[in-house]
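Student: give me the fold of what follows.
(chains A and B)
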2 protein chains.
Amino acid sequence: MKQYYSYEAFRVDTKKLIDQSKAFKPESIVAIARGGLTLAHCMAEGLDIRDLQSIRTELYDKERQREEITLYGTCVFENNRRVLIVDDIADSGKTLQTVVSYLKKAFPNVEFMSATLFYKKTSLYEPDFWINEASEWIEFFWEKDF
Amino acid sequence: MKQYYSYEAFRVDTKKLIDQSKAFKPESIVAIARGGLTLAHCMAEGLDIRDLQSIRTELYDKERQREEITLYGTCVFENNRRVLIVDDIADSGKTLQTVVSYLKKAFPNVEFMSATLFYKKTSLYEPDFWINEASEWIEFFWEKDF
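Tutor: Below you'll find the predicted structure:
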């Protein structure tokens, strides 16, 4: 079963996620591309954060025929000390777990927290902020409407 | 006068922009953050492009009290040879002009084209693909709804 997730639902949920994340007072946002980009953009507007960077991940390495996550993109935080990592969903949780542990290791003086719209109870990583528990396959409006 | 630009209008226009851009057969997308991020995300989904990177610009350097554009973020295109640069609007055109000329210089073997939703006739740079001529101040849904 697929569940269509509309812009109207996204608007309501993203406002809640912005409210939740405010306590952390993030200075930068890292979007996980592609899935987290629209959410990160709208959260950055709502939180008035200008520094929005992105990291891209590939879950499968087709050449080597084994499952691994490759990260593309570098981050620079200058004097910013609180960074919010944003993705659409923590499904298996592998992507978020990989990005969070990579960034924490690369920037030991920066505090990282994470936010997603959806979280699956079977995910091996639970974001600090999330709105909906996902049971079905979510079809986001950016995947369906274009 | 401000003109509110809704998700519904964005959806229609972005589909047109995807259709226009198809002839170029882009292999990568560079989003200009923050304004171009949601558009770039939706175009990447519609065009089935996985490689979406972002560059951030700051128009004013407050410390030095003079108008200049600073670019943040680096791009890596590996074997991709056609790259679409995406922003929401070509207003003064300075941001796009700076990003396009920077990327062309840095990657002389890559072909770049650009796409925006809005274009002002007074812009000093005209994107290769654009949908609407802007006369008023556009208030995008991501700026207003969150």
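Student: next one: phi and psi at the residue lying closest to A:Ala33 once chain neighbours are set aside?
Tutor: Leaving aside its chain neighbours, A:Ala33 sits nearest to A:Arg56 (4.2 Å; criterion: CB to CB, 6 or more residues apart in numbering or on different chains). (Each C-beta comes from the backbone N, C-alpha and C, glycine too.) Here is the backbone geometry of A:Arg56 (degrees, to the nearest 10): phi -110, psi 140.
Student: how about A:Asn79?
Tutor: According to degrees, to the nearest 10, A:Asn79 has phi -90, psi 0.
Student: okay, now it: neighbour count?
Tutor: 5 (other CB atoms under 10 Å in any protein chain shown).
Student: separation between A:Ala44 and A:Ile18?
Tutor: 10 Å (CB to CB, to the nearest Å).
Student: check contacts around the residue nearest the centre of chain A.
Tutor: Geometric centre of chain A, nearest residue: A:Asp87, 1.7 Å, by CA atoms, centre = their mean. The contact partners of A:Asp87, taken as CB atoms under 8 Å, 6 or more residues apart in numbering or on different chains, are A:Ala31, A:Ile32, A:Gly35, A:Gly36, A:Leu39, A:Thr95, A:Leu96, A:Val99, A:Ser114, A:Thr116, A:Pro127.
Student: wait, A:Asp128 sits on A:Ala115?
Tutor: Yes. Applying CB atoms under 8 Å, one finds A:Asp128 in contact with A:Ala115, separated by 6.8 Å.
Student: export the helix or strand harbouring A:Thr70 as CSV, just CAs?
Tutor: Per DSSP states H and E, A:Thr70 falls inside strand A:66-72. Taking Å, rounded to 0.1, in the frame of the first residue of the first chain, the C-alpha atoms of strand A:66-72 are listed here in CSV:
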residue,chain,number,x,y,z
ARG,A,66,27.2,-4.9,-2.5
GLU,A,67,25.1,-2.7,-0.3
GLU,A,68,26.9,0.3,1.0
ILE,A,69,26.3,4.0,1.4
THR,A,70,28.5,6.5,-0.5
LEU,A,71,28.4,10.1,0.6
TYR,A,72,28.9,13.0,-1.9
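Student: for A:Val83, grab phi and psi.
Tutor: Main-chain dihedrals, A:Val83, degrees, to the nearest 10: phi -130, psi 130.
Student: what's near enough to touch it?
Tutor: By CB under 8 Å, 6+ apart, the neighbours of A:Val83 are A:Pro26, A:Glu27, A:Ser28, A:Ile29, A:Val30, A:Phe77, A:Leu103, A:Phe107, A:Val110, A:Glu111, A:Phe112, A:Met113.
Student: residues near the residue lying closest to A:Phe129 once chain neighbours are set aside, how many?
Tutor: The shortest distance from A:Phe129 to any non-neighbouring residue, by CB to CB, 6+ apart, is to A:Ala115 (4.1 Å). Burial measure for A:Ala115: 26 neighbouring residues, criterion other CB under 10 Å.
Student: per-residue pLDDT, A:Ala115?
Tutor: We have a pLDDT of 98 for A:Ala115.
Student: doesn't it lie inside a strand?
Tutor: Yes. According to DSSP: H, G, I helix; E, B strand; the rest coil, the state of A:Ala115 is that of a strand.
Student: so where is chain A shaky, pLDDT-wise?
Tutor: Scanning chain A for pLDDT under 70 picks out the ranges A:60-67.
Student: in it, which spans are strands?
Tutor: Under the criterion DSSP state E, strands of chain A are mapped to A:2-5, A:28-33, A:51-61, A:66-72, A:82-90, A:111-119, A:129-133, A:137-140.
Student: between the third one and strand B:28-33, how many degrees?
Tutor: Angle of strand A:51-61 versus strand B:28-33, following axes from the mean of the first three to the mean of the last three CA atoms, to 10 degrees, is 150 degrees.
Student: got the buried residues for strand A:51-61?
Tutor: By 16 or more other CB atoms under 10 Å in any protein chain shown, the buried positions in strand A:51-61 come out as A:Asp51, A:Leu52, A:Gln53, A:Ser54, A:Ile55, A:Arg56, A:Thr57.
Student: right, and the last one touches A:Leu96 too?
Tutor: No. Taking contact to mean CB under 8 Å, the distance of 9.4 Å between A:Thr57 and A:Leu96 leaves them out of contact.
Student: joint contacts of those two?
Tutor: With CB under 8 Å, 6+ apart as the test, A:Thr57 and A:Leu96 both reach A:Ile32.
Student: which parts of chain A sit against chain B?
Tutor: Residues of chain A lying close to chain B (CB under 8 Å from any CB of the partner chain) are A:7, A:11, A:14-15, A:18, A:31, A:33-34, A:37-38, A:40-46, A:50-54, A:56, A:58, A:72-74, A:76, A:142-143, A:145-146.
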